[in-house]
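**Q** this one's structure only:
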């Protein structure tokens, strides 16, 4: 049987990756479809302390068509080649083959995941789509500690970015809901997805 996608959208730091790992399903990291750092079409921050830096939180910083194509192939054939992206390097550093084996579902997670919901739903290839949320303060802290631990950007840039994203969290959630995701805390989504997998 063809596999179906379970989409996890939501603010950066809300717990999407952690939830995806807990579920034990194959995971497609949609953040691996970011554009390379030297791509001339990348959007740039035009105001505030980070003016002039690439706006990695803008949807024009990634390649949704490539992500949808990879998900479609996964659903149809159970196998696809996906890029490997290193945020600290601002670019792709290779590729890997994602093979679903006999898994009936796979998880697609990322900060722009809401943008794949409509085209995949039109194809009948989505089992569920969530916008994962936490309290903004908790999300801010988890995002900052993760980004510092992984040396994603200089500390001051990460701190400034964190404050901007905290203020934008409501807008991010509203966008995901408008594009077909349902808001859920990680534990709620985990319980519902587990029941879905067991039922299949």
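**A** Good, I have the coordinates. Because the structure is a prediction, the values reported are computed rather than measured.
**Q** Give me the below-cutoff pLDDT ranges for this structure.
**A** The model of the chain has pLDDT under 70 over residues 1.
**Q** Which stretches in it count as strands?
**A** Under the criterion DSSP state E, the chain contains strands at 4-9, 27-29, 79-86, 91-99, 105-109, 126-132, 182-184.
**Q** all helices for this protein, in order.
**A** Using DSSP state H, the helices of the chain run over 16-23, 64-77, 114-122, 136-149, 155-178, 186-199.
**Q** what number of residues lie near residue 155?
**A** A total of 11 residues lie near residue 155 under the criterion other CB atoms under 10 Å. Any C-beta I mention is one placed from the backbone N, CA and C, and that applies to glycine too.
**Q** go on, residue 54?
**A** Residues contacting residue 54 under the criterion other CB under 10 Å number 17.
**Q** okay, which residue is most central for the protein?
**A** For the chain, residue 110 is the residue whose C-alpha lies nearest the centre (CA atoms, centre = their mean; 0.1 Å).
**Q** ok, now which ones touch that one?
**A** Applying CB atoms under 8 Å, 6 or more residues apart in numbering, we find residue 110 in contact with 8-9, 16, 29-31, 33, 67.
**Q** mind redoing it with 7 Å?
**A** 29-31 (CB atoms under 7 Å, 6 or more residues apart in numbering).
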